[in-house]
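*Asks:* Any chance you can model this:
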Amino acid sequence: MDMGLSGAFAQNPLVGREVHKMNGAGNAILVLDLRGAGFLPRPEDARALARAPGLAYDQLMVLGDAAARDETAFMTIFNQDGSRSASCGNGTRCVAHYLAEQTGATELRLATSAGKLKVSREGPLAYTVDMGPPRLGWRDIPLAREVDTASVELGHFGLPSASCVSMGNPHAIFFVEEIDAFNLEVIGPKLEFDPMFPQRANISLAQPLASDHIRLKVWERGTGLTLACGTAACATGVAAARAGLAGRFARISLPGGDLLIHWREADDHVEMTGPVEVEFSRVLDAAVFSGQDES
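*Replies:* Numbering: from 1, shown residues only. I've put the predicted structure just below:
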């Protein structure tokens, strides 16, 4: 390798940093601890990590310094395409496990641009995240114009109206009789960019199986078809309760596993309980960032 070129790659401040590959109900997560570093990855860094062999992720969770005493860390969340998300429930559980293993804590407070999240350890590899209240107003989701957010007509692909919810990121949930009747890999990217969604949207197909059980498949904005999405599970639980299709407790079955959702009546907060799996840790080398795009 040309030494000048190799030296250029080594200039990336992420070289030599350790990343931790984890998953939450199959949702592929990378945790990168940059507390005390004084910088964040660039969008092109996030894209390079997503392309690196063995490091492909659904969300990259970057830990930064906490702004308040009662917080353990601030989380900046990247999608595969380098865009940012304000919320990731499965990733939050993974971060909580990473920090709990370091500190022995059973209760943590983590901050994001969408607000603070309280996380409780329920077992060796199980955590509950208080995701806060859902946002149901059309401006808060956001949508392009004023509509009934419980019944948004998009008129595409033979789908019914969507129920739209924000859990810090925008979600459109379509309740259908049979998920497999639709090819989400084809329709997901088109619906993600529908003009109704000025910040794009996560697209979910939900199949109610019982008053406390829903099957779910998710196309994540900026990432694509995923095995699990915690905020989509939360949004689906809220949407199902609003529509009378489920109660405030529901088991959401995703391709990667089950999440338990509780939309609390007392304070309007949504709790999500689910598993964490640790896969491996790796120190980043210069090759990860070779051929890095600058777009």
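
*Asks:* where does the protein dip in pLDDT?
*Replies:* Within the chain, the ranges that satisfy pLDDT under 70 run 1-10, 291-295.

*Asks:* where exactly do the helices run in it?
*Replies:* Along the chain, counting by DSSP state H, helices occupy 3-10, 43-51, 89-103, 184-192, 230-242.

*Asks:* so which of those helices gets nearest Val147?
*Replies:* Closest to Val147 of the helices of the chain is helix 230-242 (CB to CB; 14.4 Å). Every residue, glycine included, has its C-beta placed from N, CA and C.

*Asks:* what's that closest one packed up against?
*Replies:* Under the contact definition 3 or more CB pairs under 8 Å, 6 or more residues apart in numbering; DSSP states H and E, helix 230-242 sits against helix 89-103, strand 163-166, strand 170-175, strand 202-210, strand 213-220, strand 249-254, strand 257-263, strand 270-275.

*Asks:* Counting neighbours, which bits of the fifth one end up buried?
*Replies:* Buried residues in strand 213-220, counted by 16 or more other CB atoms under 10 Å: 214-220.

*Asks:* now the angle from that strand to helix 184-192?
*Replies:* Strand 213-220 and helix 184-192 are oriented at 70 degrees to each other (axes from the mean of the first three to the mean of the last three CA atoms, to 10 degrees).

*Asks:* Neighbouring strands of strand 213-220 in the sheet, and parallel or not?
*Replies:* Using DSSP bridges, strand 213-220 pairs in its sheet with strand 202-210 (antiparallel), strand 224-226 (antiparallel), strand 249-254 (parallel).

*Asks:* Save these as JSON lines, and put in distance to Ser166 and mean neighbour count too.
*Replies:* JSON lines is the format used below for the strands paired with strand 213-220 (distance: least, CB to CB, whole Å; neighbours: other CB atoms under 10 Å):
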{"stretch": "strand 202-210", "distance to Ser166": "10", "mean neighbour count": "22"}
{"stretch": "strand 224-226", "distance to Ser166": "18", "mean neighbour count": "19"}
{"stretch": "strand 249-254", "distance to Ser166": "17", "mean neighbour count": "22"}
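
*Asks:* Can I get these in JSON lines including distance to Leu110?
*Replies:* Converted to JSON lines, those look like this (distance: least, CB to CB, whole Å):
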{"stretch": "strand 202-210", "distance to Leu110": "20"}
{"stretch": "strand 224-226", "distance to Leu110": "21"}
{"stretch": "strand 249-254", "distance to Leu110": "22"}
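
*Asks:* returning to what we had before: could I get the buried residues of strand 213-220 as JSON lines with distance to Asn23?
*Replies:* Putting the buried residues of strand 213-220 into JSON lines (distance: CB to CB, whole Å) gives the following:
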{"residue": "Ile214", "distance to Asn23": "21"}
{"residue": "Arg215", "distance to Asn23": "20"}
{"residue": "Leu216", "distance to Asn23": "17"}
{"residue": "Lys217", "distance to Asn23": "17"}
{"residue": "Val218", "distance to Asn23": "15"}
{"residue": "Trp219", "distance to Asn23": "18"}
{"residue": "Glu220", "distance to Asn23": "14"}
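
*Asks:* Return the member of these nearest to Ala52.
*Replies:* Glu220 (19.4 Å).

*Asks:* Correct me if wrong: the closest one contacts Ala228.
*Replies:* No: the pair Glu220 / Ala228 is not scored as a contact, 9.7 Å apart, by CB atoms under 8 Å.
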